[in-house]
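Enquirer: using only what follows, build the 3D model:
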Amino acid sequence: MVIFDSATRTKRPFEPIRPNRADIYVCGPTVYDDAHLGHARSALSFDLLTRTLRALGYDVTLAKNFTDVDDKILKKMEETGQTIQEITDYYIDRYLDEMGQLGVRRADIEPKATESLDAMQAMIQRLLDTGHAYQTSNGDVYFDTTRDAEYGSLSHRASDEESQSRVAHADEKRDPKDFALWKACEGDDQVCFDLPFSSGRPGWHIECSAMIEKHFEGTPEYSIDIHGGGADLLFPHHENEAAQSRCATGHALAKYWMHNGFVQIDGEKMSKSLGNSFFLKDALAQYDGEILRYYLIGVHYRNDFNFNEVDLLAAKKRLDKLYRLKKRLIPGTPSQPDLAFKSALLEAMSDDLNISEALATVDGMVNAANEALDADPKNKALKKTTLANLALIDDVLGFGGKDPYAYFQLGLAPELIAKVERLIAERATAKKSRDFARADALRDELTALGIAIMDTVEGTVWEKI
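Expert: I've put the predicted structure just below:
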């Protein structure tokens with residue numbers, strides 16, 4: 001497998017720090033609000049990565065953190081009167097539920113900042129002891145960027161017009177590039193943690209470095225194989241992580257760095273300041289999670305994604321073709337996937353998650369299977385192999401696993417579904433009592449509603465035409 005490494009800006013063969021293993025850490029959300037499409041894009045990108053590596057035989061350990069203490073969360077406390085625990089638990093649960101609807105598999109490790117203070121304290125203390133950090137008179141602790149000769153080597157930047165941290169600037173910073181490892185509480189701050197440095201809160205960047213050291217064994221050269229996140233995190237967040245970890249441990253934080261692209265909505269970069277931060281819950285209220293997943297993974301993870309409903313509906317029609325094929329295969333049991341198809345699919349995904357090539361491979365298989373079934377509708381071996389192909393697609397790409405008849409009922413009004421089910425039940429009763437005229441009349445009524453039905457050995461199935 002080859003992946004694009006953000007640090008070297010080149011595709012590199014994936015050579016894990018330990019044979020047949022892949023340790024991955026992805027920056028998760030700050031849990032003060034609902035997840036948006038940017039969160040979904042990142043989660044889906046690294047879900048594809050872990051699925052692909054596992055399909056290739058790697059033993060993958062994925063960690064994704066939750067930042068559950070932050071100035072935005074404190075502001076939410078002021079606005080709502082809720083406790084920090086109430087706010088963060090609520091948004092963590094919503095995040096996990098919505099990602100689950102997209103088919104994103106849970107991370108193996110899901111650390112929280114508030115549960116990792118011991119690891120942060122240990123790392124900060126090491127940086128103080130080695131002179132890579134300093135403490136100000138009020139109890140703040142800052143990383144001294146001038147003590148790291150490699151600072152800027154990850155992002156190829158060493159300064160930023162915006163703040164280097166999510167906490168207030170301090171007059172005693174030695175250099176504008178220095179960033180907070182720990183910030184002392186001030187005035188009537190509601191959330192403070194007592195550590196030897198002062199009563200305060202962790203800086204944003206220290207969280208991930210400390211969590212990685214806490215949960216991964218590492219090697220003398222690297223802590224983990226892959227560190228991932230959105231492109232907006234490359235600088236300063238990941239640059240600062242890399243610096244503090246390098247200076248605290250004596251080795252590099254990650255062997256590879258991967259970043260997914262931004263999300264645009266109708267051509268405009270998604271941003272809360274622009275008022276177009278499309279919450280994922282809004283999209284899920286209109287479209288099934290699998291349909292959204294198929295659409296959102298359709299653009300290569302490193303490219304920016306332009307979300308618009310015209311393209312979404314076009315993507316759904318493409319997915320419909322797969323499910324129409326699946327209708328032709330059931331009931332049935334899968335055998336083994338076609339080796340040529342499996343090889344082509346994994347070869348595409350092994351090329352830095354080349355989703356365009358992977359989806360073209362899927363389309364080619366669907367077309368070929370339909371043509372073969374047209375020529376020989378009773379080919380049981382073909383049906384079993386094709387069902388196995390679809391199971392492989394579901395495992396690697398995360399779509400195609402639904403019952404096809406249930407898929408074509410997605411988005412229908414509950415009232416219509418209830419009416420259809422009632423008419424089908426009445427038709428079954430009529431047929432059982434051999435009232436075929438009544439059964440035919442009920443079929444006609446269903447047809448008038450735009451419903452196609454098919455009688456199978458397992459009962460009557462239906463879909464909206």
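Enquirer: and for the residue lying closest to Gly267 once chain neighbours are set aside, the neighbour number?
Expert: The shortest distance from Gly267 to any non-neighbouring residue, by CB to CB, 6 or more residues apart in numbering, is to Asn306 (5.9 Å). Where you see a C-beta, it was placed from the backbone N, CA and C, and this is true even at glycine. Each residue near Asn306 was counted by other CB atoms under 10 Å, and the total is 16.
Enquirer: ok, Ser350 to Ala375 distance?
Expert: Taking CB to CB, to the nearest Å as the measure, Ser350 falls 33 Å from Ala375.
Enquirer: higher neighbour count, these two?
Expert: Using other CB under 10 Å, the more surrounded residue of Ser350 and Ala375 is Ser350, with 18 against 9.
Enquirer: dump the residue contacts of the closest residue to that one other than its chain neighbours.
Expert: If the residues on either side of it in the chain are set aside, Ser350 comes closest to Met1, at 4.2 Å by CB to CB, 6+ apart. Going by CB atoms under 8 Å, 6 or more residues apart in numbering, Met1 touches Pro13, Phe14, Thr52, Leu53, Leu56, Ser350.
Enquirer: dump those residues to a markdown table, plus secondary structure, distance to Ala388 and pLDDT.
Expert: Output for these, formatted as a markdown table (DSSP: H, G, I helix; E, B strand; the rest coil; distance: CB to CB, whole Å; pLDDT from 0 to 100):
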| residue | secondary structure | distance to Ala388 | pLDDT |
| --- | --- | --- | --- |
| Pro13 | strand | 29 | 98 |
| Phe14 | coil | 27 | 98 |
| Thr52 | helix | 18 | 98 |
| Leu53 | helix | 21 | 98 |
| Leu56 | coil | 18 | 98 |
| Ser350 | helix | 20 | 98 |
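Enquirer: who's in contact with stretch 179-186?
Expert: With contact meaning CB under 8 Å, 6+ apart, stretch 179-186 is reached by 120, 124, 127, 133, 138-143, 145, 164-165, 167-168, 170, 192, 195, 197-206, 236, 240, 244.
Enquirer: try 7 Å this time
Expert: 124, 127, 133, 138-143, 164-165, 167, 192, 195, 197-203, 205-206, 236, 240 (CB atoms under 7 Å, 6 or more residues apart in numbering).
Enquirer: with stretch 187-206 instead?
Expert: With contact meaning CB under 7 Å, 6+ apart, stretch 187-206 is reached by 67, 69, 74, 77, 84, 113, 117, 120-121, 123-124, 135, 139, 141, 165-167, 179-185, 237, 240-241, 244.
Enquirer: for Glu426, grab the count of nearby residues.
Expert: Applying other CB under 10 Å, we find 15 other residues in the vicinity of Glu426.
Enquirer: what helix or strand does it sit in?
Expert: According to DSSP states H and E, Glu426 maps onto helix 414-432.
Enquirer: also Glu357?
Expert: Counting by DSSP H and E, the element that carries Glu357 is helix 355-375.
Enquirer: buried ones in that helix, by neighbour count?
Expert: Buried positions in helix 355-375, judged by neighbour count with 16 or more other CB atoms under 10 Å: Ile355, Glu357, Ala358, Leu359, Thr361, Val362, Met365, Val366, Ala369, Leu373.
Enquirer: mind giving me the packing neighbours of that helix?
Expert: With contacts defined as 3 or more CB pairs under 7 Å, 6 or more residues apart in numbering; DSSP states H and E, helix 355-375 has these neighbours: helix 309-327, helix 339-350, helix 380-397.
Enquirer: can I get the CA coordinates of it in PDB?
Expert: Coordinates of each C-alpha in helix 355-375 appear next as PDB, following Å, rounded to 0.1, in the frame of the first residue of the first chain:
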ATOM      1  CA  ILE A 355     -11.800   5.700  -4.400                       C
ATOM      2  CA  SER A 356     -12.500   6.800  -8.000                       C
ATOM      3  CA  GLU A 357     -10.800   3.700  -9.300                       C
ATOM      4  CA  ALA A 358     -12.400   1.500  -6.600                       C
ATOM      5  CA  LEU A 359     -15.900   2.700  -7.500                       C
ATOM      6  CA  ALA A 360     -15.200   2.200 -11.200                       C
ATOM      7  CA  THR A 361     -14.200  -1.400 -10.400                       C
ATOM      8  CA  VAL A 362     -17.500  -1.800  -8.500                       C
ATOM      9  CA  ASP A 363     -19.500  -0.400 -11.400                       C
ATOM     10  CA  GLY A 364     -17.700  -2.700 -13.800                       C
ATOM     11  CA  MET A 365     -18.600  -5.700 -11.600                       C
ATOM     12  CA  VAL A 366     -22.200  -4.700 -11.400                       C
ATOM     13  CA  ASN A 367     -22.500  -4.300 -15.200                       C
ATOM     14  CA  ALA A 368     -20.800  -7.600 -15.900                       C
ATOM     15  CA  ALA A 369     -22.900  -9.500 -13.400                       C
ATOM     16  CA  ASN A 370     -26.100  -8.000 -14.900                       C
ATOM     17  CA  GLU A 371     -25.100  -9.000 -18.400                       C
ATOM     18  CA  ALA A 372     -24.200 -12.500 -17.200                       C
ATOM     19  CA  LEU A 373     -27.500 -12.900 -15.400                       C
ATOM     20  CA  ASP A 374     -29.400 -11.700 -18.500                       C
ATOM     21  CA  ALA A 375     -27.700 -14.500 -20.400                       C
END
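Enquirer: okay, now Asp34: neighbour count?
Expert: 17.
Enquirer: Phe408 too?
Expert: 20.
Enquirer: pull up the per-residue confidence for Ala168.
Expert: In this prediction, Ala168 carries a pLDDT score of 46.
Enquirer: sorry, back to before: and the residue nearest to Gly267, which of the three is it?
Expert: strand (DSSP: H, G, I helix; E, B strand; the rest coil).
Enquirer: pLDDT weak spots in the stretch 251-400 of the chain?
Expert: Confidence mapping of the stretch 251-400 of the chain against pLDDT under 70 gives the ranges 269-277.
Enquirer: could you redo the last one with a cut-off of 50?
Expert: Scanning the stretch 251-400 of the chain for pLDDT under 50 picks out nothing.
Enquirer: how near is Leu253 to Thr50?
Expert: For Leu253 relative to Thr50 (CB to CB), the value is 19 Å.
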